[in-house]
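Q: need coordinates for the below:
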Amino acid sequence: MLRDRKQEYLTALILVGPFILIYGALFVWPTIQMVLLSFTKAPLIGAGDWVGWDNYVKILSQKLFHSAFWNTAWFVVLTVIPNTLISLAIALAVNRLNGWLQGFVLACFFLPYILPVSVVFLTWNWIIDVQYGLAQGVVALFNGGEPKSLTRTIPLFMPTVAFVTVWWTMGFNILLFIAGLRNISPEIYEAAQLDSAGRWRQFMRITWPLVWPVTVLVLTIQLIAQLKIFDQVYLFSIGGRQDATITLVQYIYKLAFQQNKGGEAATAAVLLFGMIIVLSVLQYQLLRARGEK
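A: So this is what the prediction gives:
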């Protein structure tokens, strides 16, 4: 038995060992180096003097960091829950279709997800352009008949980019919800219909509880992704007031690549990393606990 157990441990080590080595080399070791770098006054490339907690005190007291934090938080509010609810609603509608029509509609919603961010930016930048954008007809209805720049007006910037982000990313969420809905047995709905349960009651008593684990997954994925928002905000803010619409990842980019402050950039990255871990774990546990009640 001892020999068999040793063989099992050896086999497990051979199978898991390469993953542990790669994971440690590509994630754990760089993370440790980033944390150590955050305690130094180092440039982007090269060593620096040890300054202890000075970088953290400096970053947390900067007005630009606070602005980046609240802009990121506002973007998360505008995208995470709306994206999840819209994706679920579309998935419910698509799930009722049959045959090639279902596949065609699902492909139409999923197609934007595979587009690179540059294509998404150019497409929507053309649509909302003040001079010839197709969306300006709708904007004029709410602006006294006059066009308005949605990405040069600070209060409208984040809602506009959030709308584009939801349009761009909801295809993947729809697929997840479709997979969850297909795992629900039709016999449950047939039994509910025999008890004279309407569609809303079926949704609240059957669909929503059974699809809740997928909802928790989608919310968690969206929270992590939107906390790391950079590409579309950066592209839409080119030529405008970038500091007014800056996000946390943009703030890190500015410190590292524009101001050559590697230590301070690492400090901001550590703060964002910790924020993502805490919020993701907290949200996941709260949502899972709610689903178990």
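Q: what sits closest to Leu235 if chain neighbours are left out?
A: Phe121 (4.3 Å; CB to CB, 6 or more residues apart in numbering). Glycine gets a C-beta too; all of them are placed from N, C-alpha and C.
Q: one more: Ile45?
A: Spatial nearest neighbour of Ile45, excluding adjacent residues (CB to CB, 6+ apart): Gly262 at 7.2 Å.
Q: likewise Leu156?
A: Residue nearest to Leu156 in three dimensions, not counting chain neighbours: Leu150, with 5.0 Å by CB to CB, 6+ apart.
Q: same check on Phe203?
A: Of all residues apart from its sequence neighbours, Leu92 sits closest to Phe203 (CB to CB, 6+ apart), at 7.8 Å.
Q: does that neighbour touch Trp208 like I think?
A: No: at 10.3 Å, Leu92 does not count as touching Trp208 under the criterion of CB atoms under 8 Å.
Q: what lies in contact with stretch 39-51?
A: Outside stretch 39-51, the residues that touch it by CB atoms under 8 Å, 6 or more residues apart in numbering are 37, 52-55, 256-257, 260-263, 265-266.
Q: drop anything exposed from those residues.
A: Applying a neighbour-count criterion of 16 or more other CB atoms under 10 Å, the buried members of those are Leu37, Asn55, Ala256, Lys261, Gly262, Gly263, Ala265, Ala266.
Q: can you pick out the most distant pair from the residues you listed?
A: Asn55 and Ala256 (12.8 Å; CB to CB).
Q: before we move on, back to that, secondary structure element holding the residue nearest to Phe203?
A: Taking DSSP states H and E as the criterion, the element that holds Leu92 is helix 63-95.
Q: let's test this: mean pLDDT of that helix, rounded?
A: Averaged across helix 63-95, pLDDT comes to 94.
Q: now do Leu210 against Asn83, distance only.
A: Here Leu210 is placed at a distance of 21 Å from Asn83 (CB to CB, to the nearest Å).
Q: who's more crowded, these two?
A: When neighbours are counted by other CB atoms under 10 Å, Asn83 comes out ahead of the other of Leu210 and Asn83, with 24 against 15.
Q: show me what contacts that one?
A: For Asn83, the contact set (CB under 8 Å, 6+ apart) comprises Thr165, Val166, Thr169, Met170, Asn173, Gln222.
Q: list just the nearest of these to Thr215.
A: Minimum distance to Thr215 across the contacts of Asn83 is 9.6 Å, recorded for Asn173 (CB to CB).
Q: skip the chain neighbours and tell me the closest residue to that closest one.
A: Ser87 is the one closest to Asn173 (CB to CB, 6+ apart), at 3.6 Å.
Q: any idea how many residues pack against that neighbour?
A: Residues near Ser87, counting by other CB under 10 Å, number 25.
Q: any idea how far it is from Gln193?
A: Summarising the geometry, the distance separating Ser87 from Gln193, computed by CB to CB, is 26 Å.
Q: what separates the residue nearest to Leu156 from Ser67, distance-wise?
A: Leu150 sits 20 Å away from Ser67, taking CB to CB as the criterion.
Q: show me the helices in this protein, by range?
A: In order along the chain, the chain carries the following helices (DSSP state H): 2-23, 29-37, 54-60, 63-95, 99-110, 117-127, 136-141, 154-182, 186-194, 199-202, 208-227, 231-236, 248-253, 262-292.
Q: noted, bye for now.
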